[in-house]
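J.: give me coordinates for this.
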Amino acid sequence: MSVPLASPTAASVTGPQSRPLAIAVVVLGSLLVAAALITLAYSVLAARRHRRREPLRAALRSELLDRLYGRDEPAWDAWVASLSAAERDELESVLDVYLRELAGRDAATLAGLGRALGIPDRARREIVDGGYWERTHALVWLALLRDAPDRDLLRAHCTATPRERAAAARVLYAAGTDDRATTGVDLLLRDDPEAFSVFGVDTLYRVAESDPGPFFDRAAADFETWPPALQRQALLVVRHLTTVVGGADLSWVVTALASPDPSVRAAAWRALGAYGWNRRLRDAVDLGAIPEEPAPTVRADAYRALGVWGDAAALDAIEAAGTIDPDPRAQVAAAETLVAQRGADAAPPASEQPFGVAWDWAAEHARFDRLARDISRDRERLHDEVRG
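T.: Numbering: from 1, shown residues only. Down below sits the predicted model:
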């Protein structure tokens, strides 16, 4: 009986090359086991620490509320002086929670506890000497405590990133400083700014709402130098500042209609839609140029903006451009806008190139929406009758 021998090639594969593979498997398995053990140990320690800290946290919370609401004078300094380092650390965590939930006189009283803990002074040191995260954490504390630091400190150390700019301006807004609009806009938009997060855009809106002049002046001067993303955000802020703009310079919003970026042009139309009451601004817009707009999405936003204006001149401009619009979606947007103004049962505009199917689509959807609302209203009425 003969036994076949392994070929040299198979022997060479299963021999020397298998040893590194086996070692790699063992090392990987060891690392996975070690990671699992470390994770388990950390979870056990965290749970044990939480169980030990919870009674301490509850006692500090109870004492804080008693001093805040149960006494004429909370005597924060004396209380803090009697606490251990661990208790002060835990009290800061409790204070953070309450400062986010309370406002008015209660928040102002709790700010005294923050000062007793030395938080404002520490925050200012972290702004000067700390890294990105330390500065951000410090700005959050100052905003919670409504304690605005020296403006030169913010300008020198808190404009490196959009997030720091927004946090610095938010401190001024939270503190209600008289210069929150002027200095806040300067912090946000000085020296080649970048696009913001949602928090940053909200902060820009809030500081501009109190006095829109500095924001509009800055935009009029620098808008064309900003990146498109920031331009869109500025136009979004304009869109929501309609009731406080006064006689601010809005010519740059009209100029944005000629931006090389279609998303900026669309944002400009959306912003202009909120200013139908501003005759001077409306007169600066060339409605006859809408058919020349190359982007269908921008034309659609133009139709919707004119629909918000809603007067005869605006509706005539929609009809003139919409009936000859070559893009079906943009034409539907024009038809939907006119139907919303004239009613689902109105006859389509008489034109050499009527809306056709776009009008039928818009009218059908408007009728369906009206029917759905009627059904919903009847259902609520019947529900109230049954309950009553």
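J.: remind me which residues of the chain are low pLDDT?
T.: Applying pLDDT under 70 to the chain flags the ranges 1-17, 44-52, 351-353, 376-388.
J.: apply 90 and report the result again.
T.: 1-56, 72, 210, 242-249, 276-280, 339-388 (pLDDT under 90).
J.: ok, now which ones touch residue 84?
T.: Shown in contact with residue 84 (Cβ atoms under 8 Å, 6 or more residues apart in numbering): no residues. Quick note: C-beta positions are derived from backbone N, CA and C, even for glycine.
J.: mind starting the numbering at 33 from now?
T.: Noted, 33 is the first residue going forward, which turns the last one into residue 116.
J.: how about it, phi and psi?
T.: Main-chain torsions, residue 116, degrees, to the nearest 10: phi -80, psi 170.
J.: my guess is residue 297 meets residue 324, correct?
T.: No. Look at residue 297 against residue 324 with Cβ atoms under 8 Å: they stay out of range, at 11.8 Å.
J.: more neighbours: which of those two?
T.: Remark: of residue 297 and residue 324, residue 297 carries more neighbours, 23 against 9, as counted by other Cβ atoms under 10 Å.
J.: leaving out chain neighbours, which residue sits closest to that one?
T.: Among residues not flanking residue 297 along the chain, residue 330 sits closest, at 4.8 Å (Cβ to Cβ, 6 or more residues apart in numbering).
J.: again, but for residue 325
T.: Nearest-residue entry for residue 325: residue 331, 5.0 Å, with adjacent residues in sequence omitted and distances by Cβ to Cβ, 6+ apart.
J.: neighbours around that neighbour, how many?
T.: 27.
J.: measure it to residue 358 for me?
T.: 10 Å (Cβ to Cβ, to the nearest Å).
J.: likewise for residue 232?
T.: From residue 232 to residue 358 the distance is 39 Å (Cβ to Cβ).
J.: neighbour count winner among the two?
T.: The neighbour comparison of residue 232 against residue 358 (other Cβ under 10 Å) goes to residue 232, with 23 against 9.
J.: off-centre distance for the host helix or strand of the more buried one?
T.: Using DSSP states H and E, residue 232 maps to helix 230-242. Offset of helix 230-242 from its chain centre (Cα atoms, centre = their mean, to the nearest Å): 9 Å.
J.: again, but for stretch 366-375
T.: From the chain centre to the centre of stretch 366-375 is a distance of 32 Å (Cα atoms, centre = their mean).
J.: buried residues in that stretch?
T.: With burial defined by 16 or more other Cβ atoms under 10 Å, the residues of stretch 366-375 counted as buried are 366, 367, 368, 369, 370, 371, 372, 373.
J.: between these, which sits nearest residue 245?
T.: residue 369 (33.0 Å; Cβ to Cβ).
J.: and the spatially most central residue of the chain, how far from residue 195?
T.: Most central in the chain under Cα atoms, centre = their mean is residue 230, positioned 1.7 Å from the mean C-alpha point. Separation of residue 230 from residue 195 (Cβ to Cβ): 11 Å.
J.: again with residue 109
T.: 34 Å.
J.: quick one: which of the two has more around it?
T.: Under the neighbour definition other Cβ under 10 Å, residue 109 and residue 195 were set side by side, and residue 195 has more, 17 against 13.
J.: what strand or helix carries that one?
T.: helix 194-207.
J.: and that helix, what other elements does it pack with?
T.: For helix 194-207, the packing partners by 3 or more Cβ pairs under 8 Å, 6 or more residues apart in numbering; DSSP states H and E come out as helix 164-176, helix 214-221, helix 230-242.
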